[in-house]
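S.K.: no FASTA, just this:
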DNA sequence: GGCGGGATATTCT
DNA sequence: GAATATCCCGCCC
């Protein structure tokens, strides 16, 4: 028996409408090493390219389809897993019909099954609430990596199950780690379960001073 | 527990 | 060449 029709139907909608319903959802990944299940406590919504009805300057797909982001243009209910900062993976659940681009970034959650395996994958976590406290941590605890980009998430290796009832105590605010247009309070598309200890700590997406090669030092005159 | 800085590779300009 | 949907470590409260 597959998913209740609710979920696939829900995933036809833009991520901004889907996101709050994903709070409390269970995401199960059955790998060769064993199963791990996370209960989502924090997600972020991303919409589409500049020339779409819902342009989103913070979205990877804002400048159109590329090899990297093509999974976001694929069918809803699949994963978009991307690699960033040269070392981390993060996973999205793709929304809206094929050919359009929208997705929900899984930012944080509580590991509710497969704790031992999750601890092995995240040896630096001092507490269990840190195992999936952040998008790259969640992906690592779940075992999501490059090979999971574009695979179905509604059955098979990965399964998403909605909670019996939509979550209460949902808060929303600006997205994390995005600076410039699209990153500020104009787009309050980060959703989380208020008070849950597994929700990631926000660091405001302000541009911190960056390491720069000496050759790129600012001109003084 | 909160900060500052470094690390790392893929992408697009 | 520069930015990035981030995390970890060391240090300081």
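M.R.: That came through, no problem. Remember, it's a predicted structure, so these values are computed and weren't measured experimentally. Numbers count the residues shown, from 1 in each chain, chains lettered A, B, ... in the order given.

S.K.: Would you report the backbone torsion angles of residue A:130?
M.R.: Main-chain torsions, residue A:130, degrees, to the nearest 10: phi -90, psi -10.

S.K.: Tally up the residues packed near it, please.
M.R.: Residue A:130 is flanked by 17 other residues according to other CB atoms under 10 Å. Quick note: C-beta positions are derived from backbone N, CA and C, even for glycine.

S.K.: In contact with it, which residues?
M.R.: By CB atoms under 8 Å, 6 or more residues apart in numbering, the contact list for residue A:130 reads A:122, A:137.

S.K.: buried ones in the helix or strand harbouring residue A:139?
M.R.: Assigned by DSSP states H and E, residue A:139 belongs to helix A:135-142. Using 16 or more other CB atoms under 10 Å as the burial criterion, the residues of helix A:135-142 that qualify are A:135, A:136, A:137, A:138, A:139, A:140, A:141, A:142.

S.K.: Stretch A:60-75 too?
M.R.: Applying 16+ other CB under 10 Å to stretch A:60-75 flags A:60, A:61, A:62, A:69, A:71, A:72, A:73, A:74, A:75 as buried.

S.K.: likewise stretch A:99-113?
M.R.: By neighbour count on 16+ other CB under 10 Å, the buried set for stretch A:99-113 is A:100, A:101, A:102, A:103, A:104, A:105, A:106, A:107, A:108, A:109, A:110, A:111.

S.K.: Any figure for the gap between residue A:154 and DNA strand B?
M.R.: 26 Å (CB to the nearest atom of the strand, to the nearest Å).

S.K.: from memory that residue sits against residue A:77, does it?
M.R.: Yes: the criterion here is CB atoms under 8 Å, and residue A:154 meets it with residue A:77 at 4.4 Å.

S.K.: what's the overlap in contacts for the two?
M.R.: Counting by CB under 8 Å, 6+ apart, the shared contacts of residue A:154 and residue A:77 are A:7, A:8, A:160.

S.K.: State the distance from the last one to DNA strand B.
M.R.: The spacing between residue A:160 and DNA strand B, counted by CB to the nearest atom of the strand, is 26 Å.

S.K.: Check the secondary structure at that residue for me.
M.R.: Under the three-state scheme (DSSP: H, G, I helix; E, B strand; the rest coil), residue A:160 adopts strand.

S.K.: How about the second one?
M.R.: The assignment at residue A:8 comes out as helix when based on three-state DSSP.

S.K.: Surely it and residue A:93 touch.
M.R.: No: counting by CB under 8 Å, residue A:8 does not reach residue A:93; the two are 11.5 Å apart.

S.K.: Mind picking out the helix or strand in chain A with the poorest mean pLDDT?
M.R.: Between all helices and strands in chain A, the lowest mean by mean pLDDT, DSSP states H and E belongs to helix A:5-10, at a mean of 90.

S.K.: Any part of whatever helix or strand comes next after that helix near DNA strand C?
M.R.: Downstream of helix A:5-10, the next assigned helix or strand under DSSP H and E is helix A:15-22. No: figure legend: helix A:15-22 not in contact with DNA strand C (CB under 7 Å from any atom of the strand); closest approach 8.8 Å.
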